[in-house]
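J.: Generate a structure from the sequence data that follows.
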Amino acid sequence: MKIKTSLLSFLLLLSFDYTHAFSETWKELLDRSDSLFNSQNRDSAIVVGQMALKKAIARFGESDTTVAGILYHLGTYNLNVSNYVEAERLYKKSLTVLEKVLGQKHPYVAAVLTGLATVYCKQDRYEEAEPLYKQALAIREQALGDEHPDVVSSLDDLANLYSAKGKYTEAEPLYKRAIGIAEKVLGPEHPDVALCMNDLGCTYTNQGKYSEAEQFLKRALAIREKALGPEDPNVAATLINLAELFVDESKDSEAEPLYQRAQRIFEKTLGPDHPYLTGCLEALANIYNNQNKYAEAE
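T.: Numbering: from 1, shown residues only. Presented below is the predicted three-dimensional model:
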């Protein structure tokens, strides 16, 4: 699961809501850190983000929303490189500032709660994550309305948690509600619709409901290919989910070309050392072994 709120947008919104705005130095640092992260230079992105944080503290003080925004920014960077201890620390510091300055019911608080809950989920700390996801959902419903895109995100996050815990009957209605809202407010071809359909499809796969899983995964794949392009990593992720479904159905011949296509996408977009590619290659090797294609498996 990933954070869907735009980090830079979050920071810029904070600056627009208050009288002090980012100086050019801030803008340059934030843009550079974001660019580095998006180009997979994640360690460098964190260093540049830390520079921005130090300058912000010197200018605005520690109890400032701009500082809180950069803490959130750095927390999400660390989350994405699996530095969970540091991510948790940064999110908690951001949360303390935002709750103090903006109150506990502000949408920015919900964004940080979501990040912190995701840190816990990545470590299988589901009992700690669940109340945070629920709190974030409640804040967004109250502050933004029941049919806001951020509500869709919170519903999907909470549904993913229930699915990970095997609580499929609790997860399914949340996914379906999220899909309904997303289709209504964003349109049926929006990537957020595909995200929720992808996640619901995986939940059906885990329950052995293969017909339903295939329906939602193929729909998610079609949307992502159209909206994001055929070589986007999210397309590869859905290809892998669909391939895993076929493997579960003992349809290795249908799974194989999907894994191969996902492999090509990951190699092109993420590079040869990315863990997503490693997982894809391992799955493909298992298929080759099952087919006695030992040379290909090696």
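J.: From here on, just use CA atoms for contacts and neighbour counts.
T.: Will do.
J.: Got the phi and psi for Asn292?
T.: Phi and psi for Asn292, reported as degrees, to the nearest 10, are phi 60, psi 30.
J.: what's the neighbour count on it?
T.: The number of residues packed near Asn292 is 11, by other C-alpha atoms under 10 Å.
J.: now Leu71
T.: 27.
J.: ditto for Leu239
T.: There are 24 residues near Leu239, going by other C-alpha under 10 Å.
J.: Report the contact partners of it.
T.: 221, 258-259, 261-262 (C-alpha atoms under 8 Å, 6 or more residues apart in numbering).
J.: Between all of those residues, which two are at the greatest distance?
T.: Farthest pair in these (C-alpha to C-alpha) is Leu221 and Tyr259. Separation: 13.7 Å.
J.: for Glu189, helix, strand, or coil?
T.: Using DSSP: H, G, I helix; E, B strand; the rest coil, the three-state assignment for Glu189 comes out as coil.
J.: Need the pLDDT of Leu12.
T.: At Leu12, the predicted lDDT confidence score is 44.
J.: next one: Met1
T.: pLDDT, Met1: 34.
J.: now do the one 4 residues further on
T.: According to the model's per-residue confidence, Thr5 sits at a pLDDT of 42.
J.: just checking, next helix/strand downstream of the least confident helix or strand in the chain by mean pLDDT?
T.: Every helix and strand in the chain was compared by mean pLDDT, DSSP states H and E; the lowest is helix 7-17, with a mean of 45. Once helix 7-17 ends, the next helix or strand along the chain (criterion: DSSP states H and E) is helix 24-38.
J.: per-residue confidence averaged over that next one?
T.: Averaging pLDDT along helix 24-38 gives 82.
J.: For Asn206, give its distance to Ala182.
T.: 24 Å (C-alpha to C-alpha, to the nearest Å).
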